[in-house]
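Asks: Got a predicted structure here, sequence first:
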Amino acid sequence: MVNKARVPAWYWTVAVVAVIWNGFGCLDYLMTVTRNAGYLSAFPREYVAYLDTLPLWLVGFWALGVGGGLAGALLLLRRARLAASAFGVSLLGLAVTSVTQWSDAEAPASSSADVAISGAIWLIALALLVFSLRMLRAGVLR
């Protein structure tokens, strides 16, 4: 007999909010790499110029970060055990892009708002990984 774990109601709230949050990350990525003029006009010119210097491998890790996060969130909606792996891939992409940019002397100076946003991204990415691992252990993900 298969043990079917009861899915708490708040689980679905977390999953839907995760899709929205990570969907925005993917939108940001797509608008940036496609050089959407309207979207990029909200950023300082120095930052947009810096984005133009990013190596392709780093842009790839950025894609892993946001794509892994959205995949993980969608897999949460399906209650799929691979959600935890997808969030792990997302965290890898986030780690590589963050460390590379933090150590790049050519990167534009970060404002306090930039630091707060970066901190929130890290906190949420870690929380989603921990959440998915706990749901996996609880039998909610199958």
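Replies: Here it is on my side, so go on.

Asks: Only C-alpha atoms from now on, for both contacts and neighbour counts.
Replies: Fine.

Asks: so where is the protein shaky, pLDDT-wise?
Replies: Scanning the chain for pLDDT under 70 picks out 1-4.

Asks: which residues in it form helices?
Replies: Using DSSP state H, the helices found in the chain span residues 9-33, 37-40, 45-51, 56-77, 82-102, 112-137.

Asks: ok, the closest residue to residue 135 other than its chain neighbours - how many residues close by?
Replies: With Cα to Cα, 6 or more residues apart in numbering as the criterion, residue 135 has its nearest non-adjacent residue at 5.9 Å, and that residue is residue 141. Applying other Cα atoms under 10 Å, we find 23 residues neighbouring residue 141.

Asks: what's the answer for residue 19, then?
Replies: Neighbourhood size, residue 19 [other Cα under 10 Å]: 21.

Asks: cool, and residue 135?
Replies: By other Cα under 10 Å, the residues close to residue 135 number 21.

Asks: now it: how far from residue 112?
Replies: Residue 135 sits 34 Å away from residue 112, going by Cα to Cα, to the nearest Å.

Asks: about what we covered before: can you pull the contacts of the residue nearest to residue 135?
Replies: Taking Cα atoms under 8 Å, 6 or more residues apart in numbering, we find residue 141 in contact with 76, 79, 80, 81, 132, 135.

Asks: Of those, which is the most crowded?
Replies: Using other Cα under 10 Å as the neighbour test, the contacts of residue 141 are led by residue 132, with 29 neighbours.

Asks: contacting residues around that residue?
Replies: Residue 132 touches 76, 83, 84, 87, 141, counting by Cα under 8 Å, 6+ apart.

Asks: Deepest-packed of the helices of the chain, please.
Replies: Counting by mean count of other Cα atoms under 10 Å, helix 56-77 has the highest mean neighbour count of the helices of the chain, with a mean of 22.
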